[in-house]
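Structure for the following, please:
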Amino acid sequence: METIAISSLPRELTEDDAVGLVYREDLDWVEDKLRQGLSVLIECDKQLTLYLYPAVRNRLRRGTPPQRCVLISGHSALENSGPGMNPSLMQGILSELRQQVYSGEQGQILVLPHLDVLTTTTKSGLNVETREAIAMVFENPNLVMLGFKDPLFEIPAVMANVF
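Have a look, this model is predicted:
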């Protein structure tokens, strides 16, 4: 066993640094697959998404060639909705996804931090938003996506197979 001197340890460690160290091998794998043009689904606790997404994004920005991530969170669609309109967060996510699927730039990576919530299944089947999201994803076979799924949620197999 290797001994490490306490004096060689960092005095401060940011949350981002800690995530990068703890998940280094996983982040290497995710970055490699995305750079190959393959979509990746990360299964992790919902809170961890807030740390893993920036870690992946920063790696992709710094790499050669730099790659752009587009966050599909629903917030920009909600902010840009007209007066009297009150769309749900899921409608906002679908709106942003629709825009990127049909008119987004080639070579960018679509990041879906709420893929699990958007496409979760119920005992009675798929809801309207889930069916629409699945249909959109298959409209553009060149999409590269980074999705996040909490282990407590189920997503339809047809969506899981995209990753």
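
Please count neighbours and contacts with C-alpha atoms only from this point.
OK.

And residue 61, how far from residue 108?
To residue 108, residue 61 is 11 Å away according to Cα to Cα, to the nearest Å.

Mind listing the shared neighbours of these two?
Residues touching both residue 61 and residue 108 by Cα atoms under 8 Å, 6 or more residues apart in numbering: 67, 68.

Check the gap between residue 35 and residue 104 for me.
For residue 35 relative to residue 104 (Cα to Cα), the value is 18 Å.

Between the two, tell me which one has more neighbours.
residue 35 (19 against 15; other Cα atoms under 10 Å).

do you know how far that one is from residue 55?
Separation of residue 35 from residue 55 (Cα to Cα) stands at 15 Å.

and the next element down the chain from the lengthiest strand in the chain?
Counting by DSSP state E, the longest strand found in the chain is strand 144-149. Later in the chain than strand 144-149, the nearest helix or strand by DSSP states H and E is helix 157-160.

Return the distance of that following helix from the chain's centre.
15 Å (Cα atoms, centre = their mean, to the nearest Å).

just stretch 54-70 next, same as before
When C-alpha coordinates are averaged (Cα atoms, centre = their mean), stretch 54-70 and its chain have centres 13 Å apart.
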